[in-house]
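pasting a predicted model and its sequence here:
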Amino acid sequence: MSIAANSLLESKQRVIRVIGRELLAKVRAKSENLGVDEERDAVHDFRVALRRLRSWIRAFDDDLASTVRPKIIRRLKRIADATRTSRDYEVHIEWLEHFARSQRGKYRAAIAWLVDELQSRKAKADLELRETVDKDLQRTASQLAQGLSRYIVNLDEPSDPMAFELAALIRDHAVAAASRIAKIESVGDRAEAHEARIAVKRLRYIIEPLSETIPGAESLVDDLSTLQDDLGALHDAQIFGSEIANHLAKVLAAATPVGRNGDDTEANDAGASANDRADALRAISRRLHREELNAFKSLGEIWLSGTTDDLWLRADSIASALESMRVS
């Protein structure tokens, strides 16, 4: 998806909707692969397409308010929320399988138990996602397509060209991203890092359609994507680490105490099983903690030492290039 140079000089109301319809078409196309076994990345691809569409609509909510009803946006959010759980389980299962291979058989049974449990939860999440998509996507997409097919023209208010609208948005989003990045001071600033990742992602999605039109946009999108991934690696380690801590607490709470005389075979077996699981969960927790610390260290060395200042300057340069465009 890209915006041609001549389109940047057209009415923002028209271009916003043209791009929105293209993004919606991709969401519909990606939804067809959900539930298809050979499409391993189907949920991820659908989730990314939906995220791009929602980011675009959010960025231009004032301009779209006259034809896109709030309940359509709420249903899009509900569908997006349904993809999150399924995708998180998918990522966590892949991580555990890689971790199991690195252990060369150690904790094999305990890790297999955890993978089985997550796969069971993922199956339920996949079913709920499918039900949500079947219930909401078709009517939401149809209503959104109608809303994106028209706009109201006020003859007393000349419409700004799309280039000017994008320039203002890029500057606003760059300021927001810079502000949130500046708030990350330690590995414990989880909420700040999460908000920064979202802000960087939104800036990237605004600039992305300019990659083939404005010099420097493509390289900036690539760098923003890398920053987003680095923040995401930190977030993933923290979120999964918290989930593993919850698993460990439940395993310890459910462990059957061994009989005083040591002759309760069933209790001994259960206790050993619980101990094995607890040991595995502790090992997983330690690995995730190391990944969290390494991710923050890398983030600090690459991005939190003033390097991001160059990103915001480049974003401002792209905004200036857009503002310099004139209708002939």
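Thanks, I have the structure now.

and the average pLDDT for stretch 79-96 is what?
Taken as a whole, stretch 79-96 carries a mean pLDDT of 91.

what comes up buried for it?
Residues of stretch 79-96 classed as buried by neighbour count (16 or more other CB atoms under 10 Å): 79-80, 82-83, 85-90, 92-93, 95-96. C-beta coordinates here come from the backbone N, C-alpha and C atoms, glycine included.

who's in contact with that stretch?
43-44, 46-47, 50-51, 54, 111, 114-115, 118-119, 121-122, 125-126, 128-129, 132-133, 136-137, 140, 236, 239-240, 243, 284 (CB atoms under 8 Å, 6 or more residues apart in numbering).

CA atoms of that stretch as PDB?
Only the C-alpha atoms of stretch 79-96 are listed here, as PDB (Å, rounded to 0.1, in the frame of the first residue of the first chain):
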ATOM      1  CA  ILE A  79     -12.000  -8.600  16.800                       C
ATOM      2  CA  ALA A  80      -8.400  -7.400  17.400                       C
ATOM      3  CA  ASP A  81      -8.700  -8.300  21.100                       C
ATOM      4  CA  ALA A  82      -9.700 -11.800  20.100                       C
ATOM      5  CA  THR A  83      -6.600 -12.200  18.000                       C
ATOM      6  CA  ARG A  84      -4.300 -11.200  20.900                       C
ATOM      7  CA  THR A  85      -4.800 -14.200  23.100                       C
ATOM      8  CA  SER A  86      -4.400 -16.800  20.300                       C
ATOM      9  CA  ARG A  87      -1.300 -15.100  18.900                       C
ATOM     10  CA  ASP A  88       0.300 -14.900  22.400                       C
ATOM     11  CA  TYR A  89      -0.200 -18.600  23.000                       C
ATOM     12  CA  GLU A  90       1.300 -19.300  19.600                       C
ATOM     13  CA  VAL A  91       4.400 -17.300  20.400                       C
ATOM     14  CA  HIS A  92       4.800 -18.800  23.800                       C
ATOM     15  CA  ILE A  93       4.500 -22.400  22.600                       C
ATOM     16  CA  GLU A  94       7.200 -21.700  20.000                       C
ATOM     17  CA  TRP A  95       9.400 -20.200  22.700                       C
ATOM     18  CA  LEU A  96       8.900 -23.300  24.900                       C
END
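
re the thing from before, now, of the contacts of stretch 79-96, which are buried?
Buried among the contacts of stretch 79-96 (16+ other CB under 10 Å): 43-44, 46-47, 50-51, 54, 111, 114-115, 118, 121-122, 125-126, 129, 132-133, 136-137, 140, 236, 239-240, 284.

of the residues you listed, which belong to helices?
43-44, 46-47, 50-51, 54, 111, 114-115, 118, 121-122, 125-126, 129, 132-133, 136-137, 140, 236, 239-240, 284 (DSSP state H).

contacts only, for Glu185.
Counting by CB under 8 Å, 6+ apart, Glu185 has contacts Glu192.

mind checking the SS state of it?
coil (DSSP: H, G, I helix; E, B strand; the rest coil).

my guess is Ile152 contacts Leu64, does it?
No: Ile152 lies out of contact with Leu64 (CB atoms under 8 Å); the separation is 11.0 Å.

more neighbours: which of the two?
Between Ile152 and Leu64, Leu64 has the larger neighbour count (other CB atoms under 10 Å), namely 23 against 7.

quick one: the more buried one from Ala196, how far?
As judged by CB to CB, to the nearest Å, Leu64 and Ala196 stand 26 Å apart.

give me the below-cutoff pLDDT ranges for the stretch 201-328 of the chain.
256-272, 327-328 (pLDDT under 70).

can you pull out the strands in it?
For the stretch 201-328 of the chain, applying DSSP state E, counting those that start in this stretch gives no strands.

what's the offset of stretch 73-84 from the middle of its chain?
Distance of stretch 73-84 from the chain centroid (CA atoms, centre = their mean, to the nearest Å) equals 12 Å.
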